[in-house]
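Trainee: Pasting a predicted model and its sequence here:
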Amino acid sequence: MRDRSGHGRRPRQGRYLVRALLIGCVLLTLGAVGWAAVAYATHDADSRPTQQKSAERQAGLAPDQHPNIGRYYIPGYARIQNGTALLRYTIEGAGDSTVADFLRTYEIGGRPRTTGPTEITYTDRVDGARRTVVIAYDDPDTDPTKEDIPARITVTAGPPGGA
């Protein structure tokens with residue numbers, strides 16, 4: 001069977017082959033661009049220090065400063081302002097998210113001071129800087145010895161070597 005040009009079916013088969021080759025090249029190019037974008041994004045995310053990582057490190061709460069724990073709390077807010085690290089955590093007070101677990105995870109001890117009707121404060125030193133951990137309970141009738149109570153924890157740590 002011949003087409004209008006007087007040739008056999010070969011030109012039509014050649015068109016399909018060229019189309020398939022072009023589609024394959026486009027897919028290969030898109031795959032390479034996607035792979036490069038993922039590689040670039042994941043490399044940059046881990047190599048640049050962030051405000052959160054810097055604040056955690058200064059306050060002595062970075063995961064690599066407590067390598068044997070295996071679990072960590074992620075701050076809802078973390079910044080360094082005027083050389084002082086400020087971190088805020090929300091503790092749900094249920095399951096394994098408790099104030100006692102937070103204190104145990106980050107090895108915060110000593111005798112707390114009562115600084116308000118629903119607030120207790122721990123003060124210690126980390127790498128020569130003063131660290132203050134304030135635990136605030138929402139309910140004024142809270143017994144701080146109970147573990148299953150929601151709380152807000154604010155950690156501040158002065159500049160390293162500061163007074």
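Mentor: Sure, I can see it.
Trainee: going forward, measure contacts and count neighbours with C-alpha atoms only.
Mentor: Will do.
Trainee: Please enumerate the strands of the chain.
Mentor: Here the chain has its strands, by DSSP state E, at 77-81, 84-91, 113-116, 119-126, 129-137, 151-157.
Trainee: A59: which of those strands is closest?
Mentor: Of all the strands of the chain, it is strand 151-157 that lies closest to A59, at 5.1 Å by CA to CA.
Trainee: Neighbours of G83, how many?
Mentor: 14 (other CA atoms under 10 Å).
Trainee: Now do the contacts for the closest residue in space to it that isn't next to it in sequence.
Mentor: Distances taken as CA to CA, 6 or more residues apart in numbering place P159 nearest to G83, at 5.1 Å, with adjacent residues excluded. Going by CA atoms under 8 Å, 6 or more residues apart in numbering, P159 touches 58, 83-85, 129.
Trainee: Which of those are buried, as a ChimeraX select command?
Mentor: ChimeraX command restricting the contacts of P159 to the buried ones, with burial defined by 16 or more other CA atoms under 10 Å:
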select :58,84,85,129
